[in-house]
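J.: Structure of the sequence below:
(chains A and B)
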Amino acid sequence: MQNSKLQFKIQNYFIGVLIAFLLLTFTRPVFAAELFFEAKNREFTQGEEFLVSIFLNSLEESINAAEGRVLFPENLLEMKEIRDGNSIITFWIERPKIEQLGIIGFSGIIPGGYQETKGFLLSVVFRAKASGNGAIEIRDAKVLLNDGEGTSTDVKISNFQFSIFKEAPISQTPILEIKDTDPPEYFKPEIAQSPEIFDGKYFLVFATQDKGSGIDHYEVCEGSKKKCVIAESPYLLQNQKLDQQIFVKAVDKSGNERVIMLPPQKPLPWYKNYAILAILIIIGLFVAGVILRKILWQRFIKSR
Amino acid sequence: MKNSKIYFLLILVIFGGLTLSLCYIQALEGTVNISAKVEGCGNGIIEGGEQCDADGSNGPCPATCSTSCTTNSCGGGGGGGGGTYIPPLVVTQVIFSGRAYPKSTVTLLKDAQIAATTIAGSDANFSITLSGLSGGNYIFSVYSEDNKGIRSSLLTFPVSVTSGATTKVSGIFISPTIAVDKSEVKRGDNIAIFGQSAPQADIVVSVNSEEEFFDKTISDKEGIYLYNFDTTVLDYGSHNTKSKASIGNQLISSWSYLVSFKVGTKTVVVEPTKAPAKGDMNNDNRVNLVDFSITAYWYKRSSPPATVDLNSDGKIDLVDFSIMAYYWTG
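T.: The predicted structure follows:
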């Protein structure tokens, strides 16, 4: 009796182990998206600069939002530059930037969704500081489906392993310099008002892309192009009367600019417009001068 | 002579008064700057209503920007006799063509902002040419509005544009619009699922419950389709429906937006609405950069307004932006 019980238990264990083995061997987790790195090399010399790009593979499902943190060993690497020109991210919620030592954060959306194998997100230029082995990782990655509910999907992450040598490695790949002479894309800033922000005051919204080096910053100039401030959208307008023109300047990382002018939304009535008044005064003075000259001329004729 | 003196004094009084009033207004306003510079086409700045502005280089072809600050469409000219060689104009453009609905408005978005609109023909065909682009990767999207003003879902496609070349994107087939005539239907009654697509298209209607039901109908010559679904097979509760269209098994659209309805014990009739289901913060019937900016303002801030918190979880995070991105109209 005990023998038969033992045999039954062994059979159960055997079946369990067999099922687990089959599951582990023949089933793989299904990921709707993958975040992966790409670089021309994985071995670098101390002092060498190299470019690492991050891509999104979302062929299985259409995705419309992504965020994450890129972690790099700051004892081995120094971050020189972040490039996001030509990114599939249309609007950055948080433009890629250093959050703290060794951590780059990013967050953005793609309205309408994206479903391709290799969508460029951003790239980072590093300088190899010291010799050793390390990895650039993505943590806290979140990729959301374009389903109207913001459903989170499983993300496969392939980290980037690298080695830095003191001596020169077999091959060194120069970093591709971006020759960007094109200004940022044409855009249409908009003045809006909402009870939800800035206590219902007028604000300005703007966004554009730069297909070369990427957007560096925006400037807003109210009234005159000489009175500009570095600004982010949404920007609370200082001139709430909206009676002056506004210039919005998008500047890319190569220094190219695109300036868009918004005419005054509520222009001054003519009698408050100094330009018109100045013209009227000049015309008036001219007419008065002509009449005065005529009178003086007539007096001169009479006196003779 | 006397008259001349009177006129002269009158003019002096008028302009003296004007000058005094000017000083008075200036004292009152105190903040307005005098600017005599007249802005406009030809000043090198792209202003409202201008497509381009190349400063003094504006002009007819081969200049890329016309004197009225619109992008020149300089086609290839015919051959001619001898003379000065004019190099062919390098134009970077993308031509989009496909099918929407008969006489419907088709909107093209470039990187999620409206770049062009056109009206489809009575056969539902449309074509849009977009020029003045730089070489690079763009995400273009198209959608259409049916005869009731209901919008289709966005059809998005990434395009790599080569500088100086014409890129053609053809075979676009915009998904059907969809609406239902009841927000709640008494179990066993019919619910009408309707919308618009291309004329004589095969429409697949899906009703999603625990079990998904599919059925087919055909749109009429105006592209309008109507499908009466018998709710006997559905359980009580919330359900979704969506549709897609195909023509001759060659052109197949993507799925329409999901429309939800409830199966219950009573019937509630509803009129189709033009307003996006979610994401329109400033109630202008659009989901665009203004709404994104309002949401961005509240990102990671405490106590966001209920209208901004799209999933009602008490915080603004990536999920709210994702919901907004789905209902985007540009």
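J.: hey, let's count contacts and neighbours off CA atoms from now on
T.: OK.
J.: Now do the strands in the stretch 101-250 of chain B.
T.: B:105-110, B:113-119, B:125-131, B:136-145, B:155-161, B:166-173, B:179-180, B:182-186, B:190-196, B:202-208, B:212-218, B:224-230, B:237-247 (DSSP state E, counting those that start in this stretch).
J.: Let's have the ones you listed in a markdown table, adding mean pLDDT and mean neighbour count.
T.: Listed next are the strands of the stretch 101-250 of chain B as a markdown table, based on pLDDT from 0 to 100; neighbours: other CA atoms under 10 Å in any protein chain shown:
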| stretch | mean pLDDT | mean neighbour count |
| --- | --- | --- |
| strand B:105-110 | 97 | 22 |
| strand B:113-119 | 96 | 17 |
| strand B:125-131 | 96 | 18 |
| strand B:136-145 | 96 | 23 |
| strand B:155-161 | 94 | 18 |
| strand B:166-173 | 96 | 17 |
| strand B:179-180 | 97 | 23 |
| strand B:182-186 | 97 | 20 |
| strand B:190-196 | 97 | 22 |
| strand B:202-208 | 96 | 21 |
| strand B:212-218 | 96 | 14 |
| strand B:224-230 | 97 | 18 |
| strand B:237-247 | 96 | 20 |
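J.: Which one, of those strands, ends up nearest to B:A277?
T.: Across these, B:A277 has its closest neighbour in strand B:179-180 (11.6 Å, CA to CA).
J.: Against which helices or strands is that closest one packed?
T.: strand B:190-196, strand B:259-264 (3 or more CA pairs under 8 Å, 6 or more residues apart in numbering or on different chains; DSSP states H and E).
J.: For these, give me JSON lines that also has distance to A:G108.
T.: Putting the helices and strands packed on strand B:179-180 into JSON lines (distance: least, CA to CA, whole Å) gives the following:
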{"stretch": "strand B:190-196", "distance to A:G108": "33"}
{"stretch": "strand B:259-264", "distance to A:G108": "27"}
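J.: which one of the ones you listed lies closest to chain A?
T.: strand B:259-264 (11.0 Å; CA to the nearest CA).
J.: after that closest one comes which helix or strand?
T.: Proceeding N to C from strand B:259-264, the next assigned helix or strand is strand B:268-269, under DSSP states H and E.
J.: List the neighbours of the helix or strand just after that next one that are in contact with it.
T.: As assigned by DSSP H and E, the chain's next helix or strand after strand B:268-269 is helix B:289-298. With contacts defined as CA atoms under 8 Å, 6 or more residues apart in numbering or on different chains, helix B:289-298 is touched by A:93, A:190, A:192, A:196-197, A:205-207, A:233-234, B:113, B:279-282, B:304, B:308, B:316, B:321, B:324, B:330.
J.: Please name whichever of the strands of the stretch 101-250 of chain B is nearest to A:G150.
T.: Here strand B:237-247 is closest among the strands of the stretch 101-250 of chain B (CA to CA), at 16.8 Å.
J.: so who does A:K225 touch?
T.: A:F247.
J.: same thing but at 6 Å, please
T.: Counting by CA atoms under 6 Å, 6 or more residues apart in numbering or on different chains, A:K225 touches no other residue.
J.: list the contacts for A:R95?
T.: Here A:R95 is in contact with A:F106 (CA under 6 Å, 6+ apart).
J.: Roughly how far does it sit from A:R83?
T.: To A:R83, A:R95 is 10 Å away according to CA to CA, to the nearest Å.
J.: Close to chain B: what parts of chain A are there?
T.: A:64-65, A:86, A:90, A:111-112, A:146, A:148-150, A:211, A:234, A:259-262, A:274-275 (CA under 6 Å from any CA of the partner chain).
J.: roughly how far apart are B:G132 and chain A?
T.: Separation of B:G132 from chain A (CA to the nearest CA, to the nearest Å): 9 Å.
J.: Sorry, slip of the keys, the one I care about is B:S243.
T.: Where chain A is concerned, B:S243 sits at a distance of 15 Å (CA to the nearest CA).
J.: Which residue is the nearest non-sequential neighbour of that residue?
T.: Using CA to CA, 6 or more residues apart in numbering or on different chains and skipping residues adjacent in sequence, the residue nearest B:S243 is B:V205, 4.4 Å away.
J.: Pull the number of nearby residues for the residue of the stretch 201-330 of chain B found nearest chain A.
T.: Residue of the stretch 201-330 of chain B nearest chain A, by CA to the nearest CA: B:A325 (4.1 Å). Neighbourhood size, B:A325 [other CA atoms under 10 Å in any protein chain shown]: 31.
J.: Equivalent analysis for A:E74, please.
T.: A:E74: 15 surrounding residues under other CA under 10 Å.
J.: What is the neighbour count of the closest residue to chain B within the stretch 151-300 of chain A?
T.: Across the stretch 151-300 of chain A, no residue is closer to chain B than A:M261, which sits at 4.6 Å (CA to the nearest CA). A count of nearby residues for A:M261, using other CA under 10 Å, gives 23.
J.: Let me know the helix or strand that it is in.
T.: Applying DSSP H and E, one finds A:M261 within strand A:257-262.
J.: Which elements pack onto that strand?
T.: strand A:246-252, strand B:46-47 (3 or more CA pairs under 6 Å, 6 or more residues apart in numbering or on different chains; DSSP states H and E).
J.: Could you look over the ones you listed and pick the most buried one?
T.: Ranked by mean neighbour count, these are led by strand A:246-252 with a mean of 25 (mean count of other CA atoms under 10 Å in any protein chain shown).
J.: For whatever residue of the stretch 101-250 of chain A ends up closest to chain B, which residues are in contact?
T.: Here the stretch 101-250 of chain A gets closest to chain B at one residue, A:P111, 4.1 Å apart by CA to the nearest CA. Residues in contact with A:P111 (CA under 6 Å, 6+ apart) are B:325, B:328.
J.: I'd say A:E78 and A:F126 touch.
T.: Yes. Contact status for A:E78 versus A:F126: in contact at 5.5 Å, counting by CA atoms under 6 Å.
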